[in-house]
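1. Quick one: sequence plus predicted model below, questions after.
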Amino acid sequence: MALKDLFGKFFDNTLAETFSSKPHDPTKARQPLLRGIDVAKRQFEAGQVKGPNRWWSSRNKVVAFTPKLEGRPFLINGVGTNHMPEERFVEFLNEMRSHVDAGDFDAVIASHGKGNTDVHIGKARGTGSRGPQASKLDARADGLPHRVPIEGDHATTPPHESYVANKAGSYWRSPEQVIADSAKSQKRKASMTGVA
């Protein structure tokens, strides 16, 4: 028997990806969502209407709820922002927390950001949120957009070899977009420090 046949009988190098992947711990994966729910509830009950990364806002006795996970919208009913009467918001958060804690959202949390998976509680409605901000740059000669969400066909492969992922891992950006974003960031930092 040739060595090639012997090794071929045992080796399966298609398992390299499985070997390298981290095991999924559902209890650990729930924690960011549970923390966000707890923070939203605390903020709402304290009347804290301003704060960084808030998941909710209230106007005219209606709450707009926009949960996020890993910096990306956590879709409910296929919608990034859902609305409910203000008086039911805490009840909703308590109910959502108990379902997350019980593991009802585990599959959705595990697949979040890896494709078109979201939570469906009832009939899906309009988007309710603006979605990704369009680039203000002139169109590329090849017709590709300057920002492409990292999902679906582009979950692991950028639309062009020159594109890079943003820090949050939610969009592929063209080289032109990277330069524009960097200039915008430097301008914002300069205005905050008073340095021109």
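-> Thanks, I have it.
2. can you give me phi and psi for the residue positioned nearest the centre of the chain?
-> The centroid of the chain falls nearest to Arg72 when counting by CA atoms, centre = their mean (1.9 Å). Recorded main-chain torsions at Arg72 are phi -120, psi 150, according to degrees, to the nearest 10.
3. in terms of contact, does it touch Ile109 like I think?
-> No - with contact defined as CB atoms under 8 Å, Arg72 does not count as touching Ile109 (12.0 Å). Every residue, glycine included, has its C-beta placed from N, CA and C.
4. how close does the residue nearest to the centre of the chain get to Met192?
-> Using CB to CB, to the nearest Å, one gets 26 Å for the distance from Arg72 to Met192.
5. what's the answer for Arg54, then?
-> Relative to Met192, Arg54 is positioned 21 Å away (criterion: CB to CB).
6. more neighbours, those two?
-> A direct count of neighbours by other CB atoms under 10 Å for Arg54 and Met192 places Arg54 higher, at 15 against 8.
7. Make sure I have this right: the more buried one is in a helix.
-> No - using DSSP: H, G, I helix; E, B strand; the rest coil, the secondary structure at Arg54 is coil, not a helix.
8. isn't it right up against Lys41?
-> No - using CB under 8 Å, Arg54 makes no contact with Lys41, being 11.8 Å away.
9. which stretches of this structure aren't confidently modelled?
-> Across the chain, the ranges flagged by pLDDT under 70 are 1-4, 6, 113-144, 146, 151-156, 163, 168, 171, 194-196.
10. For the protein, which segments count as helices?
-> The residue ranges that make up the helices of the chain, judged by DSSP state H, are 3-10, 16-20, 26-46, 89-101, 106-111, 175-193.
11. packing partners for the last one?
-> Using 3 or more CB pairs under 8 Å, 6 or more residues apart in numbering; DSSP states H and E as the contact definition, helix 175-193 packs against no other helix or strand.
12. So which bits of that helix are buried?
-> When burial is assessed from 16 or more other CB atoms under 10 Å, helix 175-193 yields the following buried residues: Gln177, Ala180, Asp181.
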